[in-house]
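Peer 1: Predicted model, plus sequence, below.
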Amino acid sequence: MSSDLTTSLFMPKFDPQPIVAEVLAADATATTYLLNCRQGADQCGIFDNTLVVGPWASKTVSPGAATTGELNYRITDSYNPWLYSIECQMSHTVPLECTTTNSGGNDEDRQTATFTGTEAIEEELHITVTFTQVIITAGQELLIPTSSASETSEAGHTSKTAPPETTPSETTPSETAPTTSTPAFTIHPSSNAARTDTASSSASTPEETSGGVSYVARGFTAIALAGFAAMMVQY
């Protein structure tokens, strides 16, 4: 049986597409994931994106666990150097304050911005953050054991007391059929959103490839998160 695990992570929402994750680091407060398109996927715009979330982002927070923390999502492209990141202080799945960093060829002369309060965040960031299904293909051994009686890997933290070979109660083999979840909070698109009319994450013709990944496809991620860039243009 495959060791790949299918789970849900609390992260910015993309068009339906196969996403794989590698666990880079994990401790009792946060887990860091590297997100990519599944090998062989033709229309997918996620390349070496980094997500950091903690146990506060689980669908069901364990008794005694922290219900507040920081969500960090980072996009980088070394081919055409630029960086986009968003860091949100969270109360469970509710954003309290978000700070964006946008540097490189996409910064529009405004590299950082901070928004406080759910209303301001919803009006400016134009993005949906929700529980998104991913397949963990590497780094499962880094997930931190705790005294919990079952293993949970829904949103950035996994706990278990059983041996590694024990079947998780909420993490399933990769062949398990996808499930859907209601977004925890929705940020509505703006009519002024910039950089959204040039492509979509579901269709484009590759112009230059490297290792099977087109340069054009690298831009899909930024377009999927176009609301972030739109915020930079508006202010």
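Peer 2: Arrived safely. A quick note: this is a predicted structure, and the numbers were derived from the prediction, not measured.
Peer 1: just for the chain, where's the confidence low?
Peer 2: Scanning the chain for pLDDT under 70 picks out the ranges 1-2, 105-110, 144-235.
Peer 1: distance of the residue nearest to Ile136 when sequence neighbours are not counted from Thr128?
Peer 2: Leaving aside its sequence neighbours, Ile136 sits nearest to Leu5 (Cβ to Cβ, 6 or more residues apart in numbering; 4.5 Å). (C-beta placed from N, C-alpha, C; glycine too.) Between Leu5 and Thr128 the distance, using Cβ to Cβ, to the nearest Å, works out to 24 Å.
Peer 1: So if I had to pick from those two, which one is more boxed in?
Peer 2: Between Leu5 and Thr128, counted using other Cβ atoms under 10 Å, the more crowded position is Leu5 (22 against 17).
Peer 1: Now Ser85: closest residue in space, sequence neighbours ignored.
Peer 2: Counting by Cβ to Cβ, 6+ apart, the residue nearest Ser85 is Arg74, at 4.2 Å.
Peer 1: can you pull the contacts of the one you found?
Peer 2: 49-51, 83-85 (Cβ atoms under 8 Å, 6 or more residues apart in numbering).
Peer 1: ok, of these, which one's closest to Phe14?
Peer 2: Ranked by distance to Phe14 (Cβ to Cβ), the contacts of Arg74 are led by Asn49 at 9.7 Å.
Peer 1: Quick one: neighbours of the nearest residue to the closest one once chain neighbours are set aside, just the number.
Peer 2: Nearest in space to Asn49, with sequence neighbours left out and distances taken as Cβ to Cβ, 6+ apart, is Leu35 at 4.4 Å. By other Cβ under 10 Å, 22 other residues sit near Leu35.
Peer 1: Okay, and Leu35 sits in which element?
Peer 2: strand 31-37 (DSSP states H and E).
Peer 1: can you list contacts of that strand?
Peer 2: Here strand 31-37 has contacts from 9, 11, 17-26, 44-54, 134, 136, 143-144, 156-158, using Cβ under 8 Å, 6+ apart.
Peer 1: now, which of these lie within strands?
Peer 2: Using DSSP state E, 9, 11, 19-26, 49-53, 134, 136 are the members of the contacts of strand 31-37 that sit in strands.
Peer 1: those strands in the protein, which residues are they?
Peer 2: Using DSSP E, strands in the chain cover 5-12, 19-26, 31-37, 49-53, 68-77, 82-91, 94-104, 112-116, 128-138, 172-173, 185-186, 209-210, 213-214.
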